[in-house]
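[1] structure for this input, please:
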Amino acid sequence: MSERRGEIQWLRAVAALEVVAVHSDLATKHIARASILQGWYPTVGGIGVEVFFVVSGFIMCMVASRAPSAGSFMLGRIRRIIPLCVLFTSLAALIHYTSAQYLISPTDITLGTLIRSYLALPQWQFPILGPTWTLEHEMIFYEIVAATLLLGALTRARKLALAALVVALGGLGCWLGPRPEVSVWTFHVASPYMLAFGFGWLLRCCEEGSGGGRVAIAAACLAATSVAVVVGNAWSDHLVLRIGIATLLCAIVLLGRRVLSADCALNRLAWRLGDASFSLYLTHWFILSASGKLAGVAAIPEDLSLLVRLGAILIAVAVGVIAYRVIEVPIEQFLRGGLPGRKPLPQMARP
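    I've put the predicted structure just below:
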């Protein structure tokens, strides 16, 4: 994206902060029994993930349209995700050997688990660094886009066909559900989460289209959502609801492009957090977990748990921003063949 998309940066920032907030129980679990997931919030807790998926679909529609080839598109995605995934997964594996309770789903780390976690390959259990389970779905979506690019340039017809395929895979995932006879690859390729990528892609198609085309796309999204609910079950219906809310939120925020792209202090702060959203997503688990262990050792009283939670969230955000500056940007510059110290492109220009 060569143009400024401040509203996309806002969505990234809010999504990352919501994920950090929903995981903040890690910071208080040793001193308080209360969870942030109370009342109505459990229904949408962690919805930042679905927002990320919708945003990814939107941005990939823009990026793929300019990609010179399927190979260059996929290389860009790998360069963006895998190095940081390998780095922080290695850190999580190292910590695992000192505290086996670190993992979301404690398990022995085998060579196969390590490779799958490094490459964001589908697996039934959580990867070594738990939050990177979302990258398994991201990579499959990228592979579908790359396969479409093998057919040639992304005309509008091909864009809509790809969206139809991805949304259909999401509907199929709602119908299949987590059946024991379904393979791990089928479970990921035909996943309800594909609806989020497809809807995000269609939001971009809607933005590129005219009035009548936009109405048709909106109607198609509503129809696909209805079909997914009809063929699905309680497990998938919950995901479809979350994806629908995330898509609606993204659509509303996209309408505020002019306001959210204006050069003001608040927007600049959101853009910086949007830049750092991937680093924040990968690092926050370490900070929240460490904060919780320190709070427990220090025997901080339960009535201070809210302050501990807020403090841990702020520290996690700060570490995420620092990691972006001192780790993510230099690695990306190196892989792009840039020179150390060269000013990086803003995130909205390099999705």
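[2] does the closest residue in space to residue 227 that isn't next to it in sequence count as helix, strand or coil?
    Counting by CB to CB, 6 or more residues apart in numbering, residue 227 lies nearest to residue 171, which is 5.6 Å off, once chain neighbours are set aside. C-beta coordinates here come from the backbone N, C-alpha and C atoms, glycine included. Secondary structure, DSSP: H, G, I helix; E, B strand; the rest coil: residue 171 is helix.
[3] mind showing which ranges of the stretch 251-351 of the chain have poor pLDDT?
    338-351 (pLDDT under 70).
[4] show me where it has helices.
    257-260, 265-275, 277-297, 305-323, 329-335 (DSSP state H, counting those that start in this stretch).
[5] and for the stretch 51-200 of the chain?
    70-96, 111-119, 133-149, 156-176, 184-189, 193-208.
[6] buried sites along stretch 110-120?
    113-114, 116-120 (16 or more other CB atoms under 10 Å).
[7] what is the nearest of these to residue 307?
    Distance to residue 307 across these (CB to CB) is lowest for residue 117, with 34.1 Å.
[8] residue 127 is in contact with that closest one, correct?
    Yes: using CB atoms under 8 Å, residue 117 is in contact with residue 127, at 3.9 Å.
[9] overlap of the contact sets of those two?
    residue 89 (CB atoms under 8 Å, 6 or more residues apart in numbering).
[10] hang on, the earlier thing: what's the most buried one of the helices of the stretch 251-351 of the chain?
    Counting by mean count of other CB atoms under 10 Å, helix 277-297 has the highest mean neighbour count of the helices of the stretch 251-351 of the chain, with a mean of 21.
[11] tilt between it and helix 265-275?
    90 degrees (axes from the mean of the first three to the mean of the last three CA atoms, to 10 degrees).
[12] looking at it, residue 203 is touching residue 250, isn't it?
    Yes: the pair residue 203 / residue 250 is scored as a contact, 6.3 Å apart, by CB under 8 Å.
[13] mutual contacts of these two, please.
    The contact sets of residue 203 and residue 250 overlap at 54, 58 (CB under 8 Å, 6+ apart).
[14] pLDDT below threshold where in the stretch 51-200 of the chain?
    Along the stretch 51-200 of the chain, the parts satisfying pLDDT under 70 run over 100-107.
[15] can you tell me how far the residue lying closest to residue 251 once chain neighbours are set aside sits from residue 333?
    Once flanking residues are discounted, residue 251 sits nearest to residue 203: 6.0 Å by CB to CB, 6+ apart. The gap separating residue 203 from residue 333 is 31 Å, by CB to CB, to the nearest Å.
[16] ok, residue 321 next?
    The separation that residue 321 has from residue 333, given CB to CB, amounts to 17 Å.
[17] again, but for residue 228
    Distance from residue 228 to residue 333, by CB to CB: 41 Å.
[18] check residue 159 too.
    31 Å.
[19] same question for residue 23.
    Relative to residue 333, and taking CB to CB, residue 23 is found at 30 Å.
[20] do residue 205 as well
    32 Å.
[21] for residue 29, same thing?
    For residue 29 relative to residue 333 (CB to CB), the value is 38 Å.
[22] same check on residue 273?
    21 Å.
[23] what's the answer for residue 271, then?
    On the measure of CB to CB, residue 271 and residue 333 end up 19 Å apart.
[24] residue 59 too?
    Taking CB to CB, one finds residue 59 at 20 Å from residue 333.
[25] got it, and residue 98?
    Using CB to CB, residue 98 is found at 32 Å from residue 333.
[26] for the closest residue to residue 65 other than its chain neighbours, what are phi and psi?
    Leaving aside its sequence neighbours, residue 65 sits nearest to residue 154 (CB to CB, 6+ apart; 5.1 Å). Torsion angles at residue 154 (phi, psi; degrees, to the nearest 10) stand at phi -80, psi 90.
[27] next, count neighbours for residue 154.
    By other CB atoms under 10 Å, the residues close to residue 154 number 18.
[28] I'd say residue 62 and residue 203 touch.
    No: the pair residue 62 and residue 203 fails to qualify as a contact (CB under 8 Å) at a distance of 10.8 Å.
[29] with neighbour numbers in mind, choose between those two.
    residue 203 (24 against 18).
[30] check contacts around the more buried one.
    54, 57-58, 247, 250-251, 254.
[31] which among those residues gets closest to residue 134?
    residue 54 (12.5 Å).
[32] picking that back up, just the closest of the contacts of residue 203 to residue 141, please.
    residue 57 (7.3 Å).
[33] how is the protein divided into domains?
    1-46+264-351, 49-261 (automatic domain parsing).
[34] measure how buried the nearest residue to residue 301 once chain neighbours are set aside is and give me the count.
    Excluding its sequence neighbours, the residue lying closest to residue 301 (CB to CB, 6+ apart) is residue 31, at 7.3 Å. Number of residues near residue 31 (other CB under 10 Å) recorded here: 19.
[35] for the one 4 residues further on, same thing?
    The number of residues packed near residue 35 is 14, by other CB under 10 Å.
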